[in-house]
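Asks: I'd like to go over a predicted model; first the sequence, then the structure.
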Amino acid sequence: MFEALERLPIEEMRDRQAKCRSALAATAPRAGGLLVFSRLAIYYLTGSWANGVLWLPLNGEAVLCCRKGRKRAELESPLTHIVSFRSFGDLAGLCEQAGSPLAPVCAAEQSGLSWNLAELLAARLPGVSFGAGDAALAVAQARKSEWELAKIRLCGARHAKGLMELLPAAIAPGMSEREIARKCWDAFFDLGHQGMLRMSGGDEIFLGHIAAGDSGNYPSVFNGPVGLRGEHPAIPFSGYAGTVWKKGGVLTIDNGFSLEGYATDKTQVYFAGKASEIPDAVKRGHDLCARVQQALAERLRPGAVPSELYALALSMAEAAGLTEGFMGLGATKVRFLGHGIGLTIDGWPVLAKGFDAPLTAGMTLALEPKYGIPGVGMVGVENTFEVTAAGGKCLTGDTYDIICVD
């Protein structure tokens, strides 16, 4: 009686599972397969946002065990073995019946289970030992297929249109951060934004950062350079109704756009006045960030090393005499320059010290050089790029200037 809104192509599913198996063999060589628990990772490997457990053996067919929603999973996923279950104790028998028995050593998506559920799993499967399988999922998801890239490219184009074309005509000095956030939502929803933005660690996120003036340097628990006051201490996201974007001030919007599960990340800075009125400190900081983004984007080729790109960014800030303020002020400074992005905002790899595995074609990364100015706010850029043989291809617009709104 029902038809799926979208059914994952079977070759796409097989390719994703093959990438995950290959990564698992490299990162957890003792494991005979991977148990997946988070709905996001299950979606990636099956095409359905299923409530349950996925067993992906190194050899043989995957088995999706659903607590609820088996019929929906059958509509959306081309997977052959989709069954219902009630208890972790059922898993071994169900996988055996499907012809894909659990291995003596199973890698587990440890971030997908709470501590009490992990203890319950171990108790219900006494003949199985477990190891970490999260790295295999992160590596597999980092390299996008053409099917995924088509979605991300469209997402990025709409993101750019929203922040660079629609929003400037809808906002003005004198508006509060919350009023600007409402205008941003209006523009994004008109373009098909689907509302959800996801973080890999389960962190909450709502719209993104709307930061007028020194809100851009306000202390934030979010792991990024741009600060914000947010709605309230209990909801430290979006924009504060009590902060007004003033004439002669900067406005920094750092947010994501979501389309068919995939996201792009972009930061756009606006100035309340004419271009000739932009303070020199704002110009210097923003220009540095644009140069850093350009230098790193040119190097986003297969084989480039994330830690080396990060070191290059730091050296450019030091050469410009702008180390203090680059990627945050004082204790708010963050120790990275960019991150993978796709089904989550904060994907693998990270452009930071210690990330030495080379980039591969098809990865998508957000580069986000920022510069904090005391009493003024946060300036800089962020855009989402696709790694190609010719360098990074920007998916979220091709101009990076401050937009003036008079």
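Replies: Structure received.
Asks: Could you pull up the residues touching the closest residue to V387 other than its chain neighbours?
Replies: Closest residue to V387 apart from its sequence neighbours, by C-beta to C-beta, 6 or more residues apart in numbering: M363 at 4.3 Å. Bear in mind the C-beta positions are built from the backbone N, C-alpha and C, glycine included. When contacts are counted by C-beta atoms under 8 Å, 6 or more residues apart in numbering, M363 touches 142-144, 340, 349, 386-387.
Asks: which two in those are spaced the farthest apart?
Replies: P349 and E386 (14.4 Å; C-beta to C-beta).
Asks: Now do the helices in the stretch 151-300 of the chain.
Replies: Assigned by DSSP state H, counting those that start in this stretch, the helices in the stretch 151-300 of the chain fall at 177-190, 280-298.
Asks: Okay, buried residues for the last one please.
Replies: In terms of neighbour count (16 or more other C-beta atoms under 10 Å), helix 280-298 has its buried residues at 281-282, 284-297.
Asks: Now for the spatially most central residue of the chain: which residues touch it?
Replies: Centroid check for the chain by C-alpha atoms, centre = their mean gives I345 as the closest residue, at 1.2 Å. Neighbouring residues of I345 by C-beta under 8 Å, 6+ apart: 197-200, 205, 256, 263, 265, 339, 366.
Asks: Find me the pLDDT at it, would you?
Replies: I345 carries a pLDDT value of 96.
Asks: same thing with G202?
Replies: G202 is assigned 74 on the pLDDT scale.
Asks: Provide a list of residues in contact with it.
Replies: S111.
Asks: repeat for D15
Replies: D15 sits in contact with S145, where contact means C-beta under 8 Å, 6+ apart.
Asks: start at 11 instead
Replies: In the new count, where the first residue is 11, that last one comes out as D25.
Asks: Does it belong to a helix, a strand or coil?
Replies: Using DSSP: H, G, I helix; E, B strand; the rest coil, the structure places D25 in helix.
Asks: Switch the helices of the stretch 161-310 of the chain over to a markdown table; also include distance to G62 and mean pLDDT.
Replies: Below are the helices of the stretch 161-310 of the chain laid out as a markdown table (distance: least, C-beta to C-beta, whole Å; pLDDT from 0 to 100):
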| stretch | distance to G62 | mean pLDDT |
| --- | --- | --- |
| helix 187-200 | 31 | 97 |
| helix 290-308 | 40 | 98 |
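Asks: Quick one, which of those gets closest to A170.
Replies: helix 187-200 (11.5 Å).
Asks: And the closest one, what does it pack against?
Replies: Counting contacts by 3 or more C-beta pairs under 8 Å, 6 or more residues apart in numbering; DSSP states H and E, helix 187-200 packs against strand 218-222, strand 260-269.
Asks: among those, which is the most enclosed?
Replies: With neighbours taken as mean count of other C-beta atoms under 10 Å, the helices and strands packed on helix 187-200 reach their highest mean count in strand 218-222, at a mean of 29.
Asks: Show me the contact partners of that strand.
Replies: Contacts of strand 218-222 with the rest of the structure, by C-beta under 8 Å, 6+ apart, involve 186-188, 190-191, 194, 207, 226, 228, 232, 234, 236-239, 247-249, 253-256, 259-266, 387-388.
Asks: now do stretch 297-304
Replies: Outside stretch 297-304, the residues that touch it by C-beta under 8 Å, 6+ apart are 323, 326-327, 330, 332, 336, 347, 377, 379-381, 389-391, 393, 410-411.
Asks: Try it again at 10 Å.
Replies: Applying C-beta atoms under 10 Å, 6 or more residues apart in numbering, the external contacts of stretch 297-304 come out as 277, 279, 319, 322-327, 329-332, 335-337, 347-348, 377-381, 388-393, 395, 402, 404, 409-412.
Asks: how about the residue nearest to the centre of the chain, phi and psi?
Replies: Phi and psi for I355, reported as degrees, to the nearest 10, are phi -70, psi -40.
Asks: Now do it against K284, distance only.
Replies: 34 Å (C-beta to C-beta, to the nearest Å).
Asks: follow-up on the earlier one: could you dump the helices of the stretch 161-310 of the chain into TSV and include distance to C165?
Replies: Shown next, in TSV, are the helices of the stretch 161-310 of the chain (distance: least, C-beta to C-beta, whole Å):
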stretch	distance to C165
helix 187-200	11
helix 290-308	18
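Asks: so how far is S155 from M23?
Replies: Distance of M23 to S155, given as C-beta to C-beta: 10 Å.
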